[in-house]
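Q: Requesting a structural model of the entry that follows:
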Amino acid sequence: MESALYGPDGFYLRPEGPAGHFRTSVHASPLFAGAVARLLCRVDEALDHPDELAFVDLGAGRGELTAGVLAALPPDVAPRARACAVERADRPAGLDPRIEWCARPPAGVTGLLFANEWLDNVPLEIAEVDPDGLVRRVLVRGDGTESLGGTVEGADASWLARWWPLAPEPGLRAEIGRPRDEAWAAAAATLTRGLAVAVDYAHDRAGRPPFGTLTGFRVGRETAPVPDGTCDITAHVALDACALPGASLLTQRAALHALGVSGGRPPLSLASTDPAAYVRALAQAGAAAELTAAGGLGDFGWLAQPVGITDPLLVDVAHHEEQ
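A: Numbers count the residues shown, from 1 in each chain. The predicted structure is shown next:
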């Protein structure tokens with residue numbers, strides 16, 4: 001998985017970038033970047049308006065979210081913003097010069113670290129129950145052919161026992177998420193103060209899929225996860241396992257509603273008084289509905305990890321629910 005995604009001919013280093021193969025919330029609508037910009041402003045308030053306010057976009061693709069957030073910041077915040085797009089691919093041509101392009105998140109920053117659909121591409125191993133009820137590692141060749149290897153032992157076995165226990169039923173699978181837990185802990189540790197947020201396809205311990213979620217994507221279509229560098233290889237994230245003490249878990253629908261993204265239709269009276277404004281508002285409502293839709297993007301998980309501050313997202317969610 002590491003080689004197929006990030007090796008010399010890896011999928012994420014291809015010139016077309018992820019947007020050439022699949023659509024994330026970032027690509028669905030600029031409303032998403034606007035909501036993240038509002039969250040950055042909430043973090044700024046919680047930090048009492050520091051001289052430098054970092055926005056770290058972890059797994060930045062080609063910098064689309066970073067650029068959108070910068071464009072949406074109000075005049076009192078934008079001059080203090082330090083924008084860092086973290087990606088293994090080369091810096092794309094024409095990117096806003098204010099954006100730093102980094103291979104890893106900068107350490108010791110104050111602000112918001114935002115990882116949109118990053119953890120699902122942190123490489124992990126797959127476990128499967130064999131005919132004797134033993135939990136073994138799944139091995140894969142370059143053409144996608146699978147076989148079973150040795151038994152899962154040590155720290156990985158402990159992780160499975162706690163977070164994804166497998167019944168002794170042949171064919172059941174689990175994705176060993178320990179590398180993602182460690183990757184998230186390391187990412188959050190780069191913040192001196194602020195908020196770290198991970199957004200991803202997710203499941204929790206009560207609802208782990210019995211045969212796992214490993215799959216591939218190529219040019220907008222789901223495909224077999226063949227590790228040859230021509231497709232994305234992804235698996236949903238056990239966000240509850242990644243969460244550190246003090247974290248909150250919520251859906252994208254709840255998070256975006258709290259950040260002002262609503263799929264409600266504009267009043268019909270606006271069509272008579274200002275038809276152009278009505279059409280614009282109607283288009284925005286449609287985009288917001290897609291970002292928050294049940295059974296779609298709205299079901300994504302948001303893991304919010306405050307570092308040295310009160311979680312401004314959780315406060316916003318509570319206020320929205322009261323309203």
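Q: Need phi/psi at Leu256.
A: phi -70, psi -30 (degrees, to the nearest 10).
Q: Next: Tyr6.
A: Taking degrees, to the nearest 10 as the convention, Tyr6 sits at phi -130, psi 0.
Q: From Pro123, how far out is it?
A: According to Cβ to Cβ, to the nearest Å, Tyr6 and Pro123 sit 8 Å apart. The C-beta positions use only the backbone N, C-alpha and C, and glycine is treated the same way.
Q: Check Ala287 too.
A: Separation of Ala287 from Pro123 (Cβ to Cβ) stands at 33 Å.
Q: ditto for Gly207
A: 23 Å.
Q: Comparing those two, which shows the higher neighbour count?
A: Neighbours per residue, other Cβ atoms under 10 Å: of Gly207 and Pro123, the larger number sits with Pro123, 16 against 7.
Q: quick one: low-confidence ranges for the stretch 201-323 of the chain?
A: Low-confidence segments of the stretch 201-323 of the chain (pLDDT under 70): 263-286, 315-323.
Q: and if we set it to 80?
A: Counting by pLDDT under 80, the stretch 201-323 of the chain contains low-confidence ranges at 220, 262-289, 314-323.
Q: surely Val261 meets Ala288?
A: Yes. Using Cβ atoms under 8 Å, Val261 is in contact with Ala288, at 4.9 Å.
Q: intersection of neighbour lists for these two?
A: Leu31 (Cβ atoms under 8 Å, 6 or more residues apart in numbering).
Q: Look at the nearest residue to Gly229 once chain neighbours are set aside and report its pLDDT.
A: Once flanking residues are discounted, Gly229 sits nearest to Asp9: 4.5 Å by Cβ to Cβ, 6 or more residues apart in numbering. What the model reports as pLDDT for Asp9 is 86.
Q: Counting neighbours, what do you get for Asp9?
A: 11.
Q: Tell me how far it lies from Gly61.
A: Asp9 sits 18 Å away from Gly61, going by Cβ to Cβ.
Q: For the chain, which segments count as strands?
A: Ranges of strands within the chain are 53-58, 81-86, 99-102, 109-116, 125-129, 135-140, 146-151, 173-176, 191-200, 215-218, 221-223, 232-234, 248-251, 301-307, based on DSSP state E.
Q: Adding mean neighbour count, write those strands out as TSV.
A: Below are these laid out as TSV (neighbours: other Cβ atoms under 10 Å):
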stretch	mean neighbour count
strand 53-58	26
strand 81-86	21
strand 99-102	17
strand 109-116	24
strand 125-129	21
strand 135-140	18
strand 146-151	12
strand 173-176	22
strand 191-200	24
strand 215-218	17
strand 221-223	13
strand 232-234	23
strand 248-251	16
strand 301-307	22
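Q: For these, give me CSV that also has distance to Ala157.
A: Shown next, in CSV, are these (distance: least, Cβ to Cβ, whole Å):
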stretch, distance to Ala157
strand 53-58, 29
strand 81-86, 32
strand 99-102, 35
strand 109-116, 27
strand 125-129, 9
strand 135-140, 7
strand 146-151, 8
strand 173-176, 9
strand 191-200, 25
strand 215-218, 25
strand 221-223, 30
strand 232-234, 24
strand 248-251, 25
strand 301-307, 25
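Q: which stretch among these comes nearest Thr24?
A: Of all the strands of the chain, it is strand 109-116 that lies closest to Thr24, at 6.4 Å by Cβ to Cβ.
Q: contacts for the closest one?
A: With contact meaning Cβ under 8 Å, 6+ apart, strand 109-116 is reached by 24-26, 36, 39-40, 43-44, 47, 50, 52-59, 65, 82, 84, 105, 184, 187-188, 190-200.
Q: what's the average pLDDT for that strand?
A: Model confidence over strand 109-116, given as mean pLDDT, is 98.
Q: Could you list the paired strands of that strand along with their orientation?
A: Here strand 109-116 is paired, per DSSP bridges, with strand 53-58 (parallel), strand 191-200 (parallel).
Q: can you list these in TSV and add mean pLDDT and distance to Arg178?
A: Converted to TSV, these look like this (pLDDT from 0 to 100; distance: least, Cβ to Cβ, whole Å):
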stretch	mean pLDDT	distance to Arg178
strand 53-58	98	19
strand 191-200	98	16
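Q: any chance of the ones you listed in a markdown table, plus distance to Ala293?
A: Listed next are these as a markdown table, based on distance: least, Cβ to Cβ, whole Å:
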| stretch | distance to Ala293 |
| --- | --- |
| strand 53-58 | 24 |
| strand 191-200 | 15 |
